[in-house]
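>>> sequence plus the predicted model coming up.
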Amino acid sequence: MDSLHSGLKAKSFDKKGKTIEARYCYSTGKLATKGCPKTAVAVYIPGTVPEHCPSHGGGGTPATSGTTSAATTTPAA
Ligand SMILES: [Zn+2]
C-alpha cells in the first residue's frame with residue numbers, strides 16, 4: 001500500500017505579505033538617503049521599514065565637514 005503521496009509536501013507556506021528591498025545607511029541602520037556615504041541593501045517586511053537616515057541629509061543640512069552642533073549654545077554674557 002504505497003500511495004503516490006510521498007514527496008508532495010503541503011505547499012501552503014505561511015508567508016503572509018511580501019518583502020521589500022531597501023537600501024539602508026551603513027552607519028545608522030536607517031533608510032539611506034542621498035547623503036549617506038555608505039549604504040547596503042536589506043530585505044524588510046512591510047511595516048518594519050525604518051525611517052530615513054537623520055544623520056545624512058535627513059534634516060536638509062549636509063554636514064560633511066564641520067560640526068554644527070553649537071546652534072543653541074548661548075554663552076552667558
Ligand atoms: Zn546615513
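Sure thing, it's come through.
>>> which positions in this protein make contact with the ion?
25, 28, 36, 53, 55, 56 (C-beta under 5 Å from the ion). C-beta here means a position set from N, CA and C on the backbone, and glycine is covered the same way.
>>> wait, the third one touches residue 52, no?
Yep, that's residue 36 we're talking about. No - counting by C-beta atoms under 8 Å, residue 36 does not reach residue 52; the two are 9.3 Å apart.
>>> of the two, which one has the most company?
Using other C-beta atoms under 10 Å, the more surrounded residue of residue 36 and residue 52 is residue 36, with 22 against 19.
>>> ok, now how distant is that one from residue 45?
Residue 36 sits 22 Å away from residue 45, going by C-beta to C-beta, to the nearest Å.
>>> same check, this time on residue 21
For residue 21, the distance to residue 45 equals 11 Å [C-beta to C-beta].
>>> out of those two, which sits in the more crowded spot?
Neighbours were counted for residue 21 and for residue 45 using other C-beta under 10 Å; residue 45 has more, 11 against 8.
>>> tell me what residue 31 is bridged to.
Beta-bridge pairing for residue 31 (DSSP bridges): residue 24, residue 52.
>>> that one: neighbour count?
Residues lying near residue 31 (other C-beta under 10 Å) number 19.
>>> check contacts around it.
22, 23, 24, 25, 49, 50, 51, 52, 53 (C-beta atoms under 8 Å, 6 or more residues apart in numbering).
>>> can you tell me which of those residues has the most neighbours?
residue 25 (24 neighbours).
>>> just for the protein, where's the confidence low?
Counting by pLDDT under 70, the low-confidence segments of the chain come to 1-17, 58-77.
>>> can you map out the strands along it?
Counting by DSSP state E, the chain has strands at residues 20-25, 39-44.
>>> would JSON lines of those with distance to residue 32 be doable?
Formatted as JSON lines, these follow (distance: least, C-beta to C-beta, whole Å):
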{"stretch": "strand 20-25", "distance to residue 32": "4"}
{"stretch": "strand 39-44", "distance to residue 32": "4"}
